[in-house]
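A.B. asks: using only what follows, build the 3D model:
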Amino acid sequence: MLPAFGATLYIDLVAGNITILEQVLIWGGLITLLNERTWLFSLLNVVAALFKTTPLLFLALATATSFPTTRYLQYSLRYYPHFLVVLVRILLLRLINRDRNADATTATAATAPAT
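C.D. replies: Numbers count the residues shown, from 1 in each chain. This next block holds a predicted model:
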């Protein structure tokens, strides 16, 4: 499908490597910061920080710019924990449902008559 470099992009996506999405969000955020769209920069960095917390350090770049960023930086830091809680709840619900489905499948297989 993607023959360049041994299809590493495809292999990373299939393996579930989230770094590709994280890099797209970080670089997209930096491009928006250069275009003086700090609210979008903050949003993209907060979304990238949901996977790994390191992109939160990029929010310090917003304070080093010459245009007003204080409000967007405050919103980003204020709502990041809320995004994180929602993500954890979604992941836990998926894990619980997966375990329930596995238990139901095992129970059904154990009670099925042997042929």
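
A.B. asks: in three-state terms, label the residue nearest to the spatial centre of the chain for me.
C.D. replies: Central residue of the chain (C-alpha atoms, centre = their mean): Phe51, 4.0 Å from the mean position. Reducing the assignment at Phe51 to three states with DSSP: H, G, I helix; E, B strand; the rest coil gives coil.

A.B. asks: per-residue pLDDT, it?
C.D. replies: For Phe51, the model assigns a pLDDT of 83.

A.B. asks: tell me what the helix or strand harbouring Leu43 is packed against?
C.D. replies: Taking DSSP states H and E as the definition, Leu43 sits inside helix 38-49. Using 3 or more C-beta pairs under 8 Å, 6 or more residues apart in numbering; DSSP states H and E as the contact criterion, the neighbours of helix 38-49 among helices and strands are helix 19-34, helix 59-63, helix 70-111. Heads up, the C-betas are built off the backbone N, CA and C, glycines and all.
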